[in-house]
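Enquirer: any chance you can model this:
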Amino acid sequence: MIIERAMSRALRLVFAGTLAAGAQAQAQMQASADGDDAGMQRVEVTGSSIKRLASETALPITTIKASDFVKQGLTTAAEVLNTISMNQSATGSSQSVGSGTGGVASADLRGLGANKTLVLLNGRRIASHPFNGSSVDLNIIPLSALERVEVLRDGASAIYGTDAIGGVINFITKREVRGLTVSVERFQPQASGAGAESRLNLSGGFGDLDKDGYNFFGVVDLHKQTALAAAERDFASTSVRPDRGVNNSSGTSQPGNFFSDNGITGNPYYAGGCVGKGLIANTANGTCRTDTTQYIQAIPKTQQESFLGKATFKLGGDNLASVEYLHSRSTNASAIAPSPLTGLTLTSASPYYPGGSAGVPAVAGLSGEDLSVNWRTVAAGNRMGYDTSISDRLVLGAEGLVAGWDYNVGLTWAISKASSAFTGGYTNDSLMRAGVLSGVLNPFGAQSAAGQAYLDAAQLRGEYLSAKMTSVGVDAKVSREIYRLPAGAVGFALGTEFRHDKASYDVNTELASQASSSGYADAQDQAGQRNIAALYSELSVPLARDVELSMAARYDHYNDVGGSFNPKIGLRWQPAKQLMLRTSYNTGFRAPTLYDLHGPATSTFTSNSYDDPVLCPGGTAVAGANPNLACNQQQTIRSGGNIGLKPEKSKTFSLGAVFEPTNAVSMSLDYFNIKIKDKIGTVSETTIFDNYDKYASYFVYSADGKTLQYVNAVLDNLGEVHTSGIDASLRWKLPRGAAGDVSFVVDGTWVHSYEYQNEPGGAYVQNVGVYAENTPVFRWKHNAAINWKNGPWGASFANKYMSGYVDQNDVAEAYYHKVRAYSTYSLSVSYAGIRNTDLTVGIKNLFDTNPPYTNQGTTFQSGYDPRYTDPLGRTFYVKATYKF
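Expert: So this is what the prediction gives:
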């Protein structure tokens, strides 16, 4: 609620650290709506270095309490952040299928990219996932240990430095735990297939911080999810939709397609109808194509294990010391289609030559010419990968009061390690070529015993990539009141931070080089390190009884990319008890990460199939070109670090109001406007292939010009990004009655504009309500809930909504499509009437709503977009908690 300024002035402003955990007026209303008595206590305010009443801040903040996780059936930190309306998209386990993300999960506030969203745990940084080096893996967050999540919806580089352009997410754990608690959860989809989830949580602690002067507690959390095959869901089971103008099939198949030296293209089993898993007859050239979605997963098999331990001691007076340790391990087992091999040479000496002794059907026009064959090694099985991510973080901290100054100091050591391994289906490229050439392997049908043994021996297994990110830092902050004006005390804070980051990327070249489809066949070891020093300050000045000015500034220096000074100014005005107005302006920056600068060069297949603009313009192969390689085929695209990158710079403006007409109702509107210069990124594959004249230098061909080796799409400073919109919030608590307490909460974001450039000074691409090149930006997104509580009973009915948008539409104009809005509901009921026991049962996706159809080809899954929608359908869940 909004509390009168006279009351707030009576409380001493105290320094709280770089990220203080707290909430503003809206967050207090949330607590009130949930029946909690927030009281008149001083709290730490997110986005400020000074302690104050929550209602005093000019910053827009959203708070999600741990109790809300259970009500909506949220099982991971990524799911929790998906309920934040300003979080435009999220990377999760589904995106690891075929794309080598290592299973990382990340958030994307304002749609500006995960690398511009700062994620903290208890106010301090976490080492980024080493496979991208730019975002924290949300899988390491111990969800069961959390008390709440706070999201600062404003730029904050002046307080926190780099990464905070889009906003700040602070995961705040419980302050102390006493006793022992056991919780179990189970999530079971109604539809056939898999995708079920299970969780076991143990938490315990002893010692009362206020009475005993100490508290020790630990939380152990285990979460598992089984894999779901794309073929188990009708809407995701095919990438070939003639009725939609979509054909994202692959020209590399089993049986293989060939191109002969005399210019004949075909497949010996085309005449028989291309019978087999995922096979489709291509009448244009007599070949068989493969719908790879028949082999891939919609959701991979995942597991997360985490431990959080914390010891807190009172040192006397207001002084505390603490030790906090986090260990987390997550694994991701994914499967994609069998290995595609192109350009294999088959001679007439092979028994498997069409019309030869092994019985492969003859093809008219062939008379012994050498064949170039595209073959998918189905007999070797799906390509299976296993990703492991391990994070450790140790924080030694102390805070308190010395000589009138509040202090907070900390030493942080964090390490993040990740590895990827072949576990099946990947084969040695050179052995495959030799096996086809020698006649041992049959690229057109079933293998002989000798052929199968040869395939089995050629399987690659083991770790082919490992990476490590280490961060060691020390921070120190002090604050106090330095002067008293007629309107109140002036609060002052000063802090500094030193950090050393180090990253290494180690490629097992002996293994990775043997499998071109791994993406790391040409990659080499890379490493980098940097030192970062920062000095920052904040000032809070009461200009009048109901007007407060806040100012902050920070200087960061990176020894590899230079320094940046970023100021911030904010103003809060409360003209009436029922109304608060706030505004802020700040500049920001984001230094290129060590991965941006030093990441290894990787090559992988494009998500979509494309015509080579030189060798197959308009879908017709030029003379001498192999149409099985050049036409409607997945091409190779290469990406990697760029040592020449410049930092991104930003400007952010916000203007908002909080209105509380009664103690039961709170409403807010906050306008945001963000401009980014020198955005770091890569041009999308669709844009590159659709604009060959502009990006001709990206295409690298063989010396004879007959083969496209790869498209070079490395990281670069692309240009500017502009976005603006409004965050809206409503919290309404109905008068208490005999039926219990009822409250209504809704948070929504309306995006007015979002545009970006692909090069400095270039044309702007409009992205609001349009898929554009890589992703849509939703015009409107909200999360709403009706909560009820009466004695031991409680219930919640929630809705998550995303507006529709114009599809990617890389199809003929006649098939242009608009993706419909996506709206899902959840329902839960809880009961706490059994001694020491809490029970919750619920249903996610209550009405079993399928994801809307989309013709996007950016992800390996087809028919829907796994970044925004859930393929599981209606899912039942239960949670039981017992306190000893």
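Enquirer: quick check: Leu629 touching Asn374?
Expert: Yes. The criterion here is CB atoms under 8 Å, and Leu629 meets it with Asn374 at 7.1 Å. C-beta: built from backbone N, CA, C; applies to glycine.
Enquirer: common neighbours of these two, please.
Expert: Both Leu629 and Asn374 are contacted by Gly251, Thr342, Gly343, under the criterion CB atoms under 8 Å, 6 or more residues apart in numbering.
Enquirer: list buried residues within the residues you listed.
Expert: For these, a burial check counting by 16 or more other CB atoms under 10 Å picks out Gly251, Thr342.
Enquirer: may I have the residues that are in contact with Ala191?
Expert: With the criterion set at CB under 8 Å, 6+ apart, Ala191 makes contact with Glu232, Arg233, Asp848, Leu872, Gly873, Arg874.
Enquirer: now, which of the residues you listed sits nearest Ser438?
Expert: Glu232 (39.3 Å; CB to CB).
Enquirer: so what's the residue count around the closest one?
Expert: Around Glu232 there are 20 other residues, counting by other CB atoms under 10 Å.
Enquirer: from what I see, it and Ala298 are in contact.
Expert: Yes. If you go by CB under 8 Å, Glu232 and Ala298 touch, sitting 7.3 Å apart.
Enquirer: shaky segments in this protein?
Expert: Within the chain, the stretches with pLDDT under 70 are 1-58, 90, 92, 98-102.
Enquirer: if you set the cut-off to 50 instead, what comes out?
Expert: 1-43, 52-56 (pLDDT under 50).
Enquirer: quick one, helices of it?
Expert: 5-9, 25-33, 66-71, 77-82, 157-160, 429-438, 449-457, 509-512, 594-598, 627-630, 685-690, 692-695 (DSSP state H).
Enquirer: for these, which one sits closest to Pro567?
Expert: By CB to CB (comparing all of the helices of the chain), the closest turns out to be helix 157-160, at 5.8 Å.
Enquirer: and the closest one, what's buried?
Expert: Quick answer for helix 157-160 (16+ other CB under 10 Å): Ser157, Ala158, Ile159, Tyr160.
Enquirer: for the first one, which non-adjacent residue is spatially closest?
Expert: With CB to CB, 6 or more residues apart in numbering as the measure, Gly588 is the residue that lies nearest to Ser157, at 3.4 Å, once sequence neighbours are left out.
Enquirer: now swap in the second one and tell me
Expert: In space, Ala158 comes closest to Lys568 once its chain neighbours are excluded; the distance is 3.5 Å by CB to CB, 6+ apart.
Enquirer: what sits against that neighbour?
Expert: Contacts of Lys568 by CB under 8 Å, 6+ apart are 155-159, 550-553, 584-587.
Enquirer: for this structure, which strand is longest?
Expert: strand 462-485 (DSSP state E).
Enquirer: would you mind writing the CA trace of it as PDB?
Expert: Taking Å, rounded to 0.1, in the frame of the first residue of the first chain, the C-alpha atoms of strand 462-485 are listed here in PDB:
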ATOM      1  CA  GLY A 462      32.300 -39.800 -25.600                       C
ATOM      2  CA  GLU A 463      32.700 -36.200 -24.600                       C
ATOM      3  CA  TYR A 464      33.400 -33.900 -27.600                       C
ATOM      4  CA  LEU A 465      33.100 -30.500 -25.900                       C
ATOM      5  CA  SER A 466      33.600 -29.000 -22.500                       C
ATOM      6  CA  ALA A 467      33.600 -25.400 -21.300                       C
ATOM      7  CA  LYS A 468      34.200 -23.700 -18.000                       C
ATOM      8  CA  MET A 469      33.300 -20.200 -16.700                       C
ATOM      9  CA  THR A 470      34.900 -19.000 -13.500                       C
ATOM     10  CA  SER A 471      34.100 -15.700 -11.700                       C
ATOM     11  CA  VAL A 472      35.800 -14.500  -8.500                       C
ATOM     12  CA  GLY A 473      34.700 -11.200  -7.100                       C
ATOM     13  CA  VAL A 474      34.600  -8.900  -4.100                       C
ATOM     14  CA  ASP A 475      32.200  -6.200  -3.300                       C
ATOM     15  CA  ALA A 476      31.900  -3.600  -0.600                       C
ATOM     16  CA  LYS A 477      29.100  -1.000   0.000                       C
ATOM     17  CA  VAL A 478      28.400   1.600   2.700                       C
ATOM     18  CA  SER A 479      25.600   4.100   3.300                       C
ATOM     19  CA  ARG A 480      24.100   6.500   5.800                       C
ATOM     20  CA  GLU A 481      22.100   9.700   6.100                       C
ATOM     21  CA  ILE A 482      24.500  12.500   5.300                       C
ATOM     22  CA  TYR A 483      22.300  15.600   5.700                       C
ATOM     23  CA  ARG A 484      18.800  16.500   6.800                       C
ATOM     24  CA  LEU A 485      16.700  18.800   4.700                       C
END
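Enquirer: who does it pair up with?
Expert: Partner strands and pairing direction for strand 462-485 (DSSP bridges) are strand 405-424 (antiparallel), strand 488-507 (antiparallel).
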